[in-house]
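Asks: after the sequence you'll find the predicted model.
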Amino acid sequence: MAKAEKLVVEVVAAHNLMPKDGQGSSSAFVEVEFEHQKRRTRARPKDLNPVWNERLVFPVSDPDDLPYRAIDVGVYNDRAVSSSSSSSAAAAAGAPHARNFLGKVRVPTAGVPAPGEEAVPQLFTLEKRSLFSHIRGEITLKIYRINSGDVVVKSKPEKPVKAVVAGPPEVVAAPTTVTGPKKQPQQQPHQHHPVVAVQPPPPQPEPPMDIMPQPVLPMAMKQPVMHADPYPVPSIFSGPGDFSLKETRPRLGGGAVADKASATYDLVEQVEYLYVRVVRARGVPLLGEAVAEVKLGNYRGVTPAVPSHNWDQVFAFSKETIQSSFVEVFVRGRGSDDHVGRIWFDLSEVPHRAPPDSTLAPQWYSMEDRKGQRGGAEVMIAVWFGTQADEAFAEAWHSKAAGVHGNGPLGSIKSKVYVAPKLWYLRVSVIEAQDLFTMDKAPLAIGRFPELFVRAQVGNQILRTRPAPMVSTRGPSSPFWNEDLMFVVAEPFEEFLVLSVEDRVSPGRDELLGRLVVPVSAIERRWDWKPVVSRWFGLDRGTGGGNVSGSNVHRFGSRRVHLRLSLDGGYHVLDEATAYSSDLQPTAKQLWKPHVGVLELGVLGATGLIPMKTRDGRGVTADAYCVAKYGQKWIRTRTVVDSLCPRWNEQYTWEVFDPCTVITIGVFDNCHVDKPASGNTTVSVRDNCIGKVRIRLSTLETDRVYTHAYPLLMLHPSGVKKMGELHLAVRFCCGNAGNMFHAYVRPLLPKMHYAEPLLVRQVETLRFQATSVVAARLGRAEPPLGKEVVEYMLDHRSHLWSMRRSKANFFRLVNVLSGPMTICRWFELVRSWQRPVHSCLAVFTFLVFVTMRELILPTAFLAMAFTGLWRYRVRPRHPPHMEMRVSHADGATADELDEEFDTFPSSRGDVVRFRYDRLRSVAGRVQTVVGDIATQCERMQALLSWRDPRATLLFSIACVLAAVIAYCVPMKVMIGLWGVYAMRPPRFRSKMPSPVMNFFRRLPSRADILL
């Protein structure tokens, strides 16, 4: 049981507060809330730079849950103190209704120092409560934990911390636990930083005054907080409270002494392996099955037992695990400890091989028997030293997986490349039907008007049309629908399209009138918006699978349906959210554009992973592997068994057809390694999700290698957790800059999406179907890629209602609108004439633009162009990553998270399920619309932010050209030409969006960094 602790919040001081008492000052006090407990300090009358030095102590109910909590600090002006002559008496009488808001701070408790660790004062900038709050100033806090038995000593306050506030603050990521010799902290450049730590005063020789003296270990002897792990944690991991992106400097390609393999494999650290390939044996005096065993020190690898003595198995031993100077190969019978042949190789004589050299040819070697004599059995072996660039690396048995047994688990830990199936939209246009009723079953005979509809099914996808309307010109037996049904199918086409015409006899009872079965492979394909020829299909009257020809000789006794069937290859089948899609190409390869570049990804490793399982009583561990998805190509690294700091060092390459796309990389825990240990192999095993990272290609500079450690954030019902850090090396290469810039003005989606657009509800439904089809097909591979992995990578729950996500989208919109609000406040400042010089300049500029209207547009365009050039100095240097604050994951309540993780339909009760699910469905659409609005506004900001360097360069050049044109062409001519162009006849218009809109839709937003 964890020892009880207390949380101490020491309110030190604040400065530069906003005056709120009407007399140019404020009487500030601080109110702190933690776990529904509130404490407050005394009010400091008439002081905009108050000093408190007061300690507020809070009991901690569960220390293990502390990293997922937060402290809310609010600063207020006590109006009772401001209006009273006796400040001390009025401070006691201060009430919540008699106060003004001065600012707030929300501090996560993930990085709070543990009992016995050193705590330093931290400087926080006060935040607004709403969009219209007028807030300024900073507050200094000192937060730490103590044990329940420690006593907080009420000693006299220290001197005001002038040295703390006056000096330049040092920006750090978060307070961390030091596990080694203390080093000088280095300043890390981050775009959004929650905490600003000020330089503490020189340490005093006496113990801290607020805690009783405790025996403290030296800094070099403190035990690390992480769980036991056989691999050391690198110093780059700075604890579970650090959610920032870190730039790393690994030795890619083997450093300065890299061999020629690094020319094409230069985004990973070069790792050397000893490869032993055992092909087959001959002359072995065994009639039954035989196995070959490779032994290197304490590591043993055994081939499967085969009667033909033909194994062709490769064993890979990492150089860091080599514990012997020679490697031995034994051949023995299955289940026998006595070998019939032995051969050994001196490692100093083993050759080195590096691609693009051809594979090393195996040779026959004579083996020694138990008496040391040669000449009997022979074995064909090849032994060499290589790297992970070797062709045999992917299929080899690895020494670090020596504890994994069985063909199933061994197959699930190997690295693989998957190709997702090519997806098509199947359009079923149900037009009409004829002769559905005979004379004895006419509407007059049955006494009601039939409610006819068509049900279509492809695999497990089922859709139905609306009931046929009543038309005065058509009889009841010849209904008319003219409705399109859309399905998602994948190559090779193995499904059948099953259509049935049914009559709703009563609620819950449908009568089958006819049935039709069409193979999907026999349906006509189309590449553009020209419709295919419709056909009449005969309906089978029974329930069998046969079809009746549409040209049946019994014309007046045959039932038939008029259909238009087509496989639409001009669309791009969306299986991801459009905000972070990795592929925008149409299905038909004939419509593909040439690729514009190459994306190279080096998956280096991970550090500080959260333990996911317990194995053999040796403590907690994880079996991690990495999955990356871009376009149709999915990659899966090998599984590093029993490690919380896995090192993969695998490199992969993709062709890029559109730079405005996103690659997704996820980390998972392999639960198939221990599957045979359960004794029941029929139980479905699901891999655990650890976290994922998205990288937008347009935010990367061309031909630059980005090496960073990305935080793996995972949202749980208890809150957001950091599951570790993923180390990646990314490079985006472009061979033709012209094709790259031209891609920015092309339509984002293929032409069919604009010529025959799909409805919004159709897109969401088809995306869900596409996810199911991709998961089913990748689950049939070997080793299979689990459904839970595919759904997590494709983010299939992003369209469901989430209060947290709605808050994030709302505040994204508020952040975008803060710019116009700043302009409005500046205009009010000009009108108020508080600064006469600024007001005079504004009036003079306005009069100049009124008299010389031709300077308005050139000045505006030049201002935007020079603003973009000026911001080039402070452009983002690192790719974006998942941000906890932007996602509002740190402030989500338990009820909001419980609602977000609820299933759809809801599983929280039968009474409110229908209404609740209807509300969630509508709210999910509203959430999507708000997110789309925020995305469009963020794209406006991205024009000059250099987040996409090529787009900002193009926009700046366009602004300069527009300024020249606007200066040379009179304003009246420009307005006249624009009006004529806008009101041109439809014949002279194109269905495709304009290049300006294409450019705008390709700009990056912050939607791809949301959890």
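Replies: Alright, I've got the coordinates. Keep in mind that what you see is a predicted model, and the values were worked out from it rather than measured. Numbering: from 1, shown residues only.

Asks: alpha carbons only for contacts and neighbour counts from here, please
Replies: Fine.

Asks: so where's the stretch 651-800 of the chain shaky on pLDDT?
Replies: 675-683 (pLDDT under 70).

Asks: show me the strands in it, by range?
Replies: 662-669, 688-696, 705-716, 719-733 (DSSP state E, counting those that start in this stretch).

Asks: redo these as TSV? Include distance to residue 921 and mean neighbour count.
Replies: Putting the strands of the stretch 651-800 of the chain into TSV (distance: least, Cα to Cα, whole Å; neighbours: other Cα atoms under 10 Å) gives the following:
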stretch	distance to residue 921	mean neighbour count
strand 662-669	27	22
strand 688-696	26	22
strand 705-716	22	21
strand 719-733	24	24
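
Asks: would you turn the ones you listed into CSV with distance to residue 510?
Replies: Converted to CSV, the strands of the stretch 651-800 of the chain look like this (distance: least, Cα to Cα, whole Å):
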stretch, distance to residue 510
strand 662-669, 46
strand 688-696, 43
strand 705-716, 44
strand 719-733, 48
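
Asks: go through those and name the closest to residue 818.
Replies: strand 688-696 (25.2 Å; Cα to Cα).

Asks: nearest residue to residue 598 in space, please, no chain neighbours.
Replies: Leaving aside its chain neighbours, residue 598 sits nearest to residue 655 (4.7 Å; criterion: Cα to Cα, 6 or more residues apart in numbering).

Asks: for residue 801, find the nearest of the strands of the stretch 651-800 of the chain.
Replies: If we rank the strands of the stretch 651-800 of the chain by Cα to Cα, the stretch that ends up nearest is strand 705-716, at 15.1 Å.

Asks: if we can go back for a sec, and of the strands of the stretch 651-800 of the chain, who's closest to residue 460?
Replies: strand 688-696 (26.5 Å).

Asks: dump the closest one to CSV, keeping only the CA atoms.
Replies: What follows is strand 688-696 as a C-alpha-only set of coordinates in CSV (Å, rounded to 0.1, in the frame of the first residue of the first chain):
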residue,chain,number,x,y,z
ASN,A,688,-3.0,-3.5,-26.6
CYS,A,689,-2.7,0.1,-28.0
ILE,A,690,0.2,2.1,-26.5
GLY,A,691,-0.1,5.3,-28.6
LYS,A,692,0.3,6.9,-32.0
VAL,A,693,1.9,9.8,-33.8
ARG,A,694,0.7,11.7,-36.9
ILE,A,695,3.1,13.7,-39.1
ARG,A,696,1.9,16.0,-41.9
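
Asks: quick one: the residue nearest to residue 598 and residue 601 touch, right?
Replies: No. Look at residue 655 against residue 601 with Cα atoms under 8 Å: they stay out of range, at 11.6 Å.

Asks: those two: which has the busier surroundings?
Replies: With neighbours defined as other Cα atoms under 10 Å, residue 655 and residue 601 compare such that residue 601 has more, 23 against 17.

Asks: SS state for the more buried one?
Replies: Assigned with DSSP: H, G, I helix; E, B strand; the rest coil, residue 601 falls in the strand class.

Asks: report pLDDT for it.
Replies: Residue 601 is assigned a predicted lDDT (pLDDT) of 95.

Asks: cool, residue 96 as well?
Replies: Residue 96 is given a pLDDT of 44.

Asks: just residue 207 next, same as before
Replies: Per-residue pLDDT puts residue 207 at 34.

Asks: then residue 946?
Replies: 88.

Asks: give the contact list for it.
Replies: Applying Cα atoms under 8 Å, 6 or more residues apart in numbering to residue 946 gives the contacts 868, 871-872, 875-876, 952.

Asks: now, of these, which are buried?
Replies: Buried by 16 or more other Cα atoms under 10 Å: 868, 872, 875-876, 952, out of the contacts of residue 946.

Asks: reformat the residues you listed as a markdown table; add pLDDT, secondary structure and distance to residue 923.
Replies: A markdown table is the format used below for the buried ones among the contacts of residue 946 (pLDDT from 0 to 100; DSSP: H, G, I helix; E, B strand; the rest coil; distance: Cα to Cα, whole Å):
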| residue | pLDDT | secondary structure | distance to residue 923 |
| --- | --- | --- | --- |
| 868 | 90 | helix | 38 |
| 872 | 90 | helix | 40 |
| 875 | 88 | coil | 36 |
| 876 | 88 | coil | 34 |
| 952 | 91 | helix | 35 |
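
Asks: with distance to residue 750 added, can I get the residues you listed in TSV?
Replies: Shown next, in TSV, are the buried ones among the contacts of residue 946 (distance: Cα to Cα, whole Å):
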residue	distance to residue 750
868	31
872	33
875	32
876	31
952	24
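
Asks: closest to residue 485 among these?
Replies: Distances from residue 485 to the buried ones among the contacts of residue 946, taken by Cα to Cα, are shortest for residue 952, at 42.0 Å.

Asks: now that closest one: how far from residue 869?
Replies: For residue 952, the distance to residue 869 (Cα to Cα, to the nearest Å) stands at 9 Å.

Asks: all strands for the stretch 251-400 of the chain, in order.
Replies: Counting by DSSP E, counting those that start in this stretch, the strands of the stretch 251-400 of the chain are 272-282, 290-296, 299-302, 310-318, 326-333, 339-346, 363-366, 378-387, 397-398.

Asks: so which of those strands gets nearest residue 848?
Replies: So among the strands of the stretch 251-400 of the chain, strand 378-387 is nearest, using Cα to Cα, at 70.4 Å.

Asks: residues in contact with that closest one?
Replies: Contacts of strand 378-387 (Cα under 8 Å, 6+ apart): 270-284, 350-354, 360-367, 393.

Asks: same question for stretch 36-51.
Replies: Counting by Cα under 8 Å, 6+ apart, 12-19, 25-33, 52, 54, 56, 58, 78, 81-82, 87, 91-92, 160 sit against stretch 36-51.

Asks: and these, which of them are buried?
Replies: 12-15, 17-19, 25-33, 52, 54, 56, 58, 78, 81-82, 87, 91.

Asks: filter those down to the ones in strands?
Replies: 12-15, 28-33, 52, 54, 56, 58, 78 (DSSP state E).

Asks: these: which two are farthest apart?
Replies: 15 and 58 (25.2 Å).

Asks: residue ranges with poor pLDDT in the stretch 251-400 of the chain?
Replies: In the stretch 251-400 of the chain, residues with pLDDT under 70: 254-264, 287.

Asks: just confirm residue 966 is within a helix.
Replies: Yes. According to three-state DSSP, residue 966 belongs to a helix.

Asks: wait, isn't it in contact with residue 860?
Replies: No. Using Cα under 8 Å, residue 966 is not in contact with residue 860; the gap is 10.3 Å.
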